[in-house]
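Participant: sequence plus predicted model, see below.
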Amino acid sequence: MKQIGQNYKTGHIGLEDVAPPALKSGGILVRTHYSVVSSGTEGMKVREGKLSYLGKARARPDQIRRLMTVARQQGLRSAYLKAMNKLDALTPLGYSLSGEVVKVGEYAQEFRVGQRVACAGAGYANHAEVNFIPANLAVPVPDPVSMKHAAFATVGAVALQGLRQSEARLGETACVIGLGLLGQLLVQILRAAGVHVVGIDVLDERCELARRMGARVALTPADPGLTGAIHRITEGQGVDCVFIAAGGAGNQPAELAAAIARDRARVIDIGKTRLDLPWNEYYLKELDVRFSRSYGPGRYDPIYEEYGIDYPIGYVRWTEKRNLAAFLDLVADGKIDLDAITSAVRPFSEAEQVYEEMAGSGNAVLATVLDYTAGLETPTDRLLAVPANRRPGRRADGAVRVGVIGAGSYASSMLLPHLKRSSVAELRAVATASGLSAENARRKFGFEFATTDPGEVLSDERIDAVIIATRHSSHADLVCRALRADKAVYVEKPLALSSEELARIREAVEESGNERLMVGFNRRFSPLLKTMAERFHGTGMPLVLQYRVHAGQLERGSWYLDPAEGSRFVGEAGHFLDVLAFLVGARPISVFASCLRPPRATPDDLDNVLTIVEYENGSIGSVSYLSQGGARIPKESLEVFGGRCAAKLDNFEAVTFFDDESVRRIRARGLDKGQEAEMSAFIEAVRTGAPMPIPLESLFDTTLATLGAPASFRTGAPVALRDLWGSL
């Protein structure tokens, strides 16, 4: 199928051939009939994509701050790789469409095949022939509403949520600053609510359109009659509420809002513009400044959007889904004129040209509707079944054919570049959740084909080894399937999120007889850690180890905060516990964990936790996993004591040995946490048939120790790992 994708590094926007999306639980597959290209939101992305690196940095200071944090904690090279990987990727465009349901997933039975729906959501309602849409981001289209008009539902819901945030009442007067697509819809919605409207825009033609849409007055900011007109309409009091629906870097909208508002009026920011509020003006009028977040409650909440958990109507009357439906009801009742604000209707095949014209037209275009109906002649089954860009490959003698499931930020920056450079590995297939990201990985790393179905990778008899780099909750199931498919398996940590999942993996190993399993505990392959191991493995003495990890605060909305993905500690701690086991050279026997208990903490809140592990040879190790320190502290520090020697590892940049007679410091050439050596060791083991680089027993032990920490935290007592094994 085809989908629009943008490369943010080059700014290029193209119509790509990609694999169709997979049907997942809690959603539907929708074949698109129409989608809306917004000159505001999407025009901004087009313009940003054409900026220089410096221009992009100025446009997204939030991303630069994140990169600076990565650079301080993980080094400049790591920050650079992450930045380039994010820039040089195909990203989807679009967020508002209408279409027909072609498949219904589990827990989405409110929909039926053949039903007309309007769909919302960046990353979901893409400009693509077929999209996967979560149930709470789709609503039925009423019979009187055409599919072309239904495609505006998302933009309409944004405007409708602005109205709700304003609490505008019948008979009040509102001013809309910025009469683009969103502003024109807001004018009509306000009129439908019985609110008098004043419109302001820098373009005369947009003001004229707003007057046709029902605004009593619509003028440019420079018009000398603007102040007098507002004075007459409001009897000299000023408007009751002001909607800032404009964009740009100037502060004029915020200043204008204060000038035309009445005492104690509401100012609602519904666009993306500068807001340096003039204190005196806002203070003297005691203006109430509010923000309208997208199209309603539920937006940016993965529990609502991805998992389909609705908010009770008695507590949240207007969610984003209910706003979508309410806007379509306004359209069905003839309250909204969408033809008047549609700049053009173009075939989907001309999408690239539409974006090129948008980049050069400035603010002349309000909205362009992309029409997919010509492509509906292609049977849906054929559209969904055709894999994207599959091509046969020739196997080199002794090569290891690799399939990859998951190609997110970490895999694309830390794993796949090493596989691409390998003289032994041949990249056969890549599977990701979206067709666009799969196609991006195929192009960037040279895979033979891309898909959205992991089953295609697992069932391919020409694939020898599978790399699993998906989200944590899928690891155990994919590992079991890959082992039973007789593949060598590399899975990113964690191996399992529960003892039950670990038991299933052990069962898969025993039933299949396939022990070729490795977990991505890369740190033991780093040069500095190997140097430490060489020093301490020969002592024959128990060791004491102290590992401090400052993971830092997670950003709101991070998938690490999703309970379905396990706790952050369970997801990451295996790295550090594996380092202890590697240096100690003995099996762990017990785990004790204690956690800082902030207000309202639950037993699963495992940030700021101290874990102590005892080993069979008498060694003892501790991991302090922390999140509440400052952003400038290096991420990792490790101290080891034993055999009349001590060593300190500083964030994989240097290691210092302290003996009785000397102090010796070894600096790394660059921050190297072992990913390249790890990938090489795995591929070489598959090629030669040698044992996996990390013994299976050690993988299970480290996973048990990781799972034992939360168990200890809950009970307040040490947990013996043999008891955990006994419970499996």
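Facilitator: Looks like it came in fine. Bear in mind the structure is a predicted one, so any value in this text is a computation, not a measurement.
Participant: what packs against the helix or strand encompassing residue 571?
Facilitator: Using DSSP states H and E, the element containing residue 571 is helix 568-584. Judged by 3 or more Cβ pairs under 8 Å, 6 or more residues apart in numbering; DSSP states H and E, helix 568-584 is in contact with helix 527-537, strand 544-550, strand 609-615, strand 620-626, strand 636-642, helix 696-715. (Glycine included, C-beta is placed from N, CA and C.)
Participant: average model confidence for it?
Facilitator: What helix 568-584 shows for mean pLDDT is 95.
Participant: on that earlier part again, TSV for the helices and strands packed on helix 568-584, including mean pLDDT, mean neighbour count and distance to residue 672?
Facilitator: Listed next are the helices and strands packed on helix 568-584 as TSV, based on pLDDT from 0 to 100; neighbours: other Cβ atoms under 10 Å; distance: least, Cβ to Cβ, whole Å:
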stretch	mean pLDDT	mean neighbour count	distance to residue 672
helix 527-537	94	18	6
strand 544-550	96	19	17
strand 609-615	95	21	25
strand 620-626	95	20	21
strand 636-642	96	20	13
helix 696-715	93	22	21
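Participant: picking that back up, the inter-axis angle of the helix holding residue 571 versus strand 636-642?
Facilitator: Counting by axes from the mean of the first three to the mean of the last three Cα atoms, to 10 degrees, helix 568-584 lies at 30 degrees to strand 636-642.
Participant: rewinding a little: residue 723 is nearest to which of the helices and strands packed on helix 568-584?
Facilitator: helix 696-715 (8.9 Å; Cβ to Cβ).
Participant: could you name the helices and strands sitting against the closest one?
Facilitator: helix 499-512, strand 517-519, helix 568-584, strand 588-595, strand 609-615, strand 719-720, helix 721-727.
Participant: distance of the residue lying closest to residue 476 once chain neighbours are set aside from residue 581?
Facilitator: Nearest residue to residue 476, sequence neighbours excluded (Cβ to Cβ, 6 or more residues apart in numbering): residue 501, at 3.7 Å. Distance of residue 501 to residue 581, computed by Cβ to Cβ, to the nearest Å: 20 Å.
Participant: how does the chain divide into domains?
Facilitator: 2-152+338-380, 155-291, 400-521, 523-727 (automatic domain parsing).
Participant: need those domains in a markdown table with distance to residue 326, can you?
Facilitator: Output for these, formatted as a markdown table (distance: least, Cβ to Cβ, whole Å):
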| stretch | distance to residue 326 |
| --- | --- |
| domain 2-152+338-380 | 9 |
| domain 155-291 | 6 |
| domain 400-521 | 30 |
| domain 523-727 | 26 |
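Participant: ok, which of these comes nearest residue 311?
Facilitator: Nearest of the domains of the chain (Cβ to Cβ): domain 2-152+338-380, 9.6 Å.
Participant: quick one: distance of stretch 231-250 to the chain centre.
Facilitator: 36 Å (Cα atoms, centre = their mean, to the nearest Å).
Participant: out of the domains of the chain, flag the one nearest residue 316.
Facilitator: Comparing these by Cβ to Cβ, domain 155-291 comes nearest, at 11.2 Å.
Participant: got the contact list for residue 178?
Facilitator: Going by Cβ atoms under 8 Å, 6 or more residues apart in numbering, residue 178 touches 200, 201, 243, 244, 245, 246, 247, 253, 271, 273.
Participant: chain neighbours aside, what residue packs nearest to it?
Facilitator: Residue 178 sits nearest to residue 246 (Cβ to Cβ, 6+ apart), 3.1 Å away.
Participant: next: residue 298.
Facilitator: residue 304 (3.9 Å).
Participant: surely the one you found meets residue 310?
Facilitator: Yes. Using Cβ atoms under 8 Å, residue 304 is in contact with residue 310, at 7.1 Å.
Participant: and for those two, which residues touch both?
Facilitator: With Cβ under 8 Å, 6+ apart as the test, residue 304 and residue 310 both reach 136, 319.
Participant: and those two? Which one has more around it.
Facilitator: Between residue 304 and residue 310, residue 304 has the larger neighbour count (other Cβ atoms under 10 Å), namely 21 against 14.
Participant: buried by neighbour count: which residues of the helix or strand hosting the more buried one qualify?
Facilitator: For residue 304, the element it lies in under DSSP H and E is helix 302-305. Neighbour counts over helix 302-305 (16 or more other Cβ atoms under 10 Å) mark 304, 305 as buried.
Participant: quick one: distance of it to the chain centre.
Facilitator: 13 Å.
Participant: which residues are contacting that helix?
Facilitator: For helix 302-305, using Cβ under 8 Å, 6+ apart, the contacting residues are 121, 134, 136-137, 297-299, 309-311, 319-320, 557, 559, 562.
Participant: helix or strand right after that helix?
Facilitator: helix 320-332.
Participant: buried residues in that next one, which are they?
Facilitator: So, applying 16+ other Cβ under 10 Å, buried residues of helix 320-332: 320, 321, 322, 323, 324, 325, 326, 327, 328, 330, 331, 332.
Participant: quick check, nearest of those to residue 627?
Facilitator: Nearest member of the buried residues of helix 320-332 to residue 627, counting by Cβ to Cβ, is residue 320, at 30.6 Å.
Participant: next, count neighbours for the nearest residue to that closest one once chain neighbours are set aside.
Facilitator: Spatially, and ignoring its direct neighbours in sequence, residue 320 is nearest to residue 296 (3.8 Å; Cβ to Cβ, 6+ apart). Counted with other Cβ under 10 Å, the neighbours of residue 296 add up to 24.
Participant: start at 26 instead
Facilitator: Yep, numbering from 26; the last one is residue 321 now.
Participant: how would you label residue 321: helix, strand or coil?
Facilitator: coil (DSSP: H, G, I helix; E, B strand; the rest coil).
Participant: start and end of stretch 466-478, how far apart?
Facilitator: 15 Å (Cα to Cα, to the nearest Å).
Participant: do the same with stretch 365-377
Facilitator: Taking Cα to Cα, the span from the opening residue of stretch 365-377 to its closing residue is 24 Å.
Participant: now it: buried residues?
Facilitator: Buried, per 16+ other Cβ under 10 Å, within stretch 365-377: 366, 367, 368, 371, 373, 375, 376.
Participant: stretch 516-526 too?
Facilitator: Buried, per 16+ other Cβ under 10 Å, within stretch 516-526: 516, 517, 518, 519, 520, 521, 522, 524, 526.
Participant: also stretch 297-309?
Facilitator: Those would be 298, 302, 307, for stretch 297-309 by 16+ other Cβ under 10 Å.
Participant: wait, which of the residues you listed is closest to residue 476?
Facilitator: Using Cβ to Cβ, the buried residues of stretch 297-309 come closest to residue 476 at residue 298, 41.7 Å.
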